[in-house]
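J.: Sequence first, then the predicted structure, then my questions.
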Amino acid sequence: MNQSAVGGASAAAQNTVADRVKRDQHARFRSRRVWFYGLAVFIALSIIAFNIIRPITVLPRIAPSPGFAFVGTDGQPVTSEDQRGFLTLYSFSYLDCDEACPSPSPTSPRCAPPSPSRCRPTRRCASSPSASTRSGTRPERLRQAGEAWGLPAGAAEWQLLTGDPARLRATIGGGFRVYFSEPKEPTAESPGRITFDPRYVLVDHLGIMRAEYRIGALDPALLARDVNLLVEEAANSDGIARLGYEAAHLFLCYPR
Amino acid sequence: MSSSPDSAPPQASRRPSPILWLVLAGVLVLGAVAVWSVVNGRLPFGAPSFNGTVIQSPDLAADFTLTASTGERLSLSDLRGRVVLMYFGYTFCPDACPTTLNELKKATAALGDRADEVQVVMVTVDPQRDTPEVLREYLAHFDPSFLGLTGSEEEILAAATPLGIYFAAHEGSEATGYLVDHTTSVLAIDKEGYLRLLYSFETPGEAIAEDMRHLVRQ
């Protein structure tokens, strides 16, 4: 046999093997790349699916509910710390207010069945920044108005609160961010109205504002939905389940 | 009579499709992520699961200006660029304040080199007794870097209320004089001035430090 022919055949075989190895390496690399991109796409799709499907829905944690120290219609102090551990609905009004103010209906949101003990009767923060100059905001006057509204002292649904004008201003304007104008003294021509944005604020058991309703008449179904979400979150977000709720907050899984 | 393997009809390929493999792999990855989250007690991919309660406010924390324990007028916005751990208390406070300040001291100690990116601030709820000098002396017992803030009652009320802090003075004993009831939460304000976290009373300093490590990196 010719030696050079043998050498040529061997070199060709080596080239073929080298080519095959290179092709295999390339194929493996391509395969790995497909895996990598595939997984990245899968994870991204999972996150998007979490957002779309929203297995857990939460209400945003907007801000701390303002700290306050007011008095109730019985003249006893009521503070923001008294509300800890309970869901609270705040509303704002003044006694001479007419059609512009939220209705003083004693209707309150009902708790979801799973944990009724976590829900406390809702509260109403009735107030006027002119407490020192108008009789309408003294506890006694507030109590009379409450009785006229069907809300006697100690009523389960709403608690009427009032207080020092500086604290009212700081709490309602600075804390709850409810715009209101300074009241004018009533005259024969004008009843001395206060202009303000009607608003309800739902506060959770930790004292964090979770929902704001910038409307005069609150839809009970909407409120019930939000109360149920808070009750479920409070009941289920301990231990490992907390991670699911934190993910829902992270991905802004809010109700539509 | 048996047929030889060579003569057997070619079988249809039973290799699963790559899509199925990808789905299986994805399920495995998600399973691993879930197990990892359970074991580590936090969210994966660097998403911090804070020990404090996260606040998602789109608004900056309301700014205010008070007198610091250094004697200068200081605004909250002056502290941008550092994470602020804010507490409302007073120097005559018999229990909650020293306990909380001790935990905050542990938190800053646990942060080591990064402690200078965190500023602990105590705003007094007793401006009558807590002058800048009294605050400076009191806070130095915990950590000389802690900053005290004081002002008129109206100024402090305007600072405290939007942050969810309530305070009201009431009668104490002859020994203590009057006492001040107040909210005992600690607030964490990030470097950009957003209120990010709330800590309830007796949150351990180590847990606060863990959260601060995330906040100072952001």
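T.: Ah, there it is. Bear in mind that the values here come from a model prediction, so they are computed numbers and not experimental data. Numbers count the residues shown, from 1 in each chain, chains lettered A, B, ... in the order given.

J.: Give me the secondary structure label for B:Ile156.
T.: helix (DSSP: H, G, I helix; E, B strand; the rest coil).

J.: I'd say it and B:Leu66 touch.
T.: Yes: B:Ile156 lies in contact with B:Leu66 (CB atoms under 8 Å); the separation is 7.1 Å. Placement of C-beta: from N, CA and C, glycine included.

J.: residue contacts, the residue of the stretch 151-256 of chain A found nearest chain B?
T.: Evaluated by CB to the nearest CB, the stretch 151-256 of chain A has A:Ala170 as its residue closest to chain B, separated by 4.2 Å. Residues near A:Ala170 by CB atoms under 8 Å, 6 or more residues apart in numbering or on different chains: A:Pro66, B:Leu157, B:Ala158, B:Thr161, B:Pro162.

J.: ok, the closest residue to A:Arg84 other than its chain neighbours to A:Phe196 distance?
T.: Distance criterion CB to CB, 6 or more residues apart in numbering or on different chains; nearest residue to A:Arg84, sequence neighbours excluded, is A:Gly207 at 5.8 Å. Counting by CB to CB, to the nearest Å, the gap from A:Gly207 to A:Phe196 is 23 Å.

J.: for B:Ser69, same thing?
T.: Distance from B:Ser69 to A:Phe196, by CB to CB: 39 Å.

J.: These two: who's more crowded?
T.: Taking other CB atoms under 10 Å in any protein chain shown, B:Ser69 and A:Phe196 do not tie; B:Ser69 has more neighbours (25 against 20).

J.: so who does that one touch?
T.: Neighbouring residues of B:Ser69 by CB under 8 Å, 6+ apart: B:Pro132, B:Glu133, B:Leu135, B:Arg136, B:Leu139, B:Leu147, B:Gly148, B:Leu149, B:Thr150.

J.: so of those residues, which ones are in strands?
T.: Among those, the residues falling in strands (DSSP state E) are B:Leu147, B:Gly148, B:Leu149, B:Thr150.

J.: Of the contacts of B:Ser69, which is the most crowded?
T.: Sorting the contacts of B:Ser69 by how many neighbours each has (other CB under 10 Å) puts B:Gly148 first, at 28 neighbours.

J.: Tell me who's in contact with that one.
T.: Applying CB under 8 Å, 6+ apart to B:Gly148 gives the contacts B:Ala68, B:Ser69, B:Val121, B:Met122, B:Val123, B:Thr124, B:Asp130, B:Pro132, B:Leu135, B:Arg136, B:Tyr138, B:Leu139.

J.: List, one by one, the residues from chain A near chain B.
T.: A:34-35, A:38-39, A:42-43, A:46, A:60-69, A:77, A:79-81, A:166-167, A:170-171, A:174-175, A:206-208, A:240, A:242-243, A:246-247, A:249-250, A:252 (CB under 8 Å from any CB of the partner chain).

J.: hmm, try it at 7 Å
T.: A:38-39, A:42, A:46, A:60-69, A:79-81, A:166-167, A:170-171, A:174-175, A:206-208, A:240, A:243, A:246-247, A:249-250 (CB under 7 Å from any CB of the partner chain).

J.: Residue ranges in chain B under the pLDDT threshold?
T.: B:1-16, B:33-48 (pLDDT under 70).

J.: Break it down into its domains, please.
T.: Following automatic domain parsing, chain B resolves into domains at B:16-47, B:53-217.

J.: Would you mind saying which of those domains lies nearest A:Lys22?
T.: Nearest to A:Lys22 among those is domain B:16-47 (22.4 Å), distances taken as CB to CB.

J.: Out of the helices and strands in chain A, which is least certain?
T.: Lowest mean confidence among the helices and strands of chain A (mean pLDDT, DSSP states H and E): strand A:125-126, at a mean of 44.

J.: Next SSE downstream of that strand?
T.: Once the chain leaves strand A:125-126, the next helix or strand it forms, by DSSP states H and E, is helix A:139-148.

J.: how about the helices in the chain?
T.: In the absence of a named chain, this looks at chain A. Along chain A, counting by DSSP state H, helices occupy A:3-53, A:139-148, A:165-168, A:220-236, A:241-250.

J.: Correction: the question concerned chain B.
T.: Using DSSP H, helices in chain B cover B:18-40, B:96-111, B:132-140, B:153-160, B:205-217.

J.: right, is the last one up against chain A?
T.: When you say that, I think you mean helix B:205-217. No: with CB under 7 Å from any CB as the criterion, chain A is not reached by helix B:205-217; the gap is at least 12.6 Å.

J.: Low-confidence regions, chain A specifically.
T.: Scanning chain A with the threshold set as pLDDT under 70 gives A:1-14, A:51, A:96-137, A:153-157, A:182-193, A:216.

J.: Could you list the contact residues of chain B toward chain A?
T.: Within chain B, the positions near chain A by CB under 7 Å from any CB are B:22, B:25-26, B:29-30, B:37-38, B:43, B:47, B:49, B:53-57, B:62, B:154, B:157-158, B:160-166, B:168, B:183, B:195, B:198.

J.: which of those count as buried?
T.: B:22, B:26, B:37, B:43, B:49, B:53-57, B:62, B:157-158, B:160-166, B:168, B:183, B:195, B:198 (16 or more other CB atoms under 10 Å in any protein chain shown).

J.: separation between the residue nearest to B:Ile156 when sequence neighbours are not counted and B:Ser152?
T.: Distances taken as CB to CB, 6+ apart put B:Pro127 closest to B:Ile156, at 5.9 Å, once the chain neighbours are dropped. Distance, B:Pro127 to B:Ser152, using CB to CB: 6 Å.

J.: Neighbour count: the two, which is higher?
T.: Counted by other CB under 10 Å, B:Pro127 and B:Ser152 do not tie: B:Pro127 has more neighbours, with 19 against 11.

J.: contacting residues for that one?
T.: Applying CB atoms under 7 Å, 6 or more residues apart in numbering or on different chains, we find B:Pro127 in contact with B:Thr150, B:Gly151, B:Ser152, B:Glu153, B:Ile156.

J.: before we move on, what about B:Tyr90?
T.: B:Tyr90 neighbours (CB under 7 Å, 6+ apart): B:Cys97, B:Thr124, B:Val125, B:Asp126, B:Asp130, B:Val180.

J.: could you measure the last one against A:Arg141, distance?
T.: B:Val180 sits 29 Å away from A:Arg141, taking CB to CB as the criterion.

J.: swap in the fourth one?
T.: Going from B:Asp126 to A:Arg141 by CB to CB gives 32 Å.

J.: neighbour count winner among these two?
T.: Using other CB under 10 Å as the criterion, B:Asp126 and A:Arg141 rank with B:Asp126 on top: 22 against 17.

J.: What about the residue nearest to the more buried one when sequence neighbours are not counted? Give its phi and psi, please.
T.: Among residues not flanking B:Asp126 along the chain, B:Tyr90 sits closest, at 3.6 Å (CB to CB, 6+ apart). Backbone torsions of B:Tyr90, given as degrees, to the nearest 10, read phi -160, psi 160.
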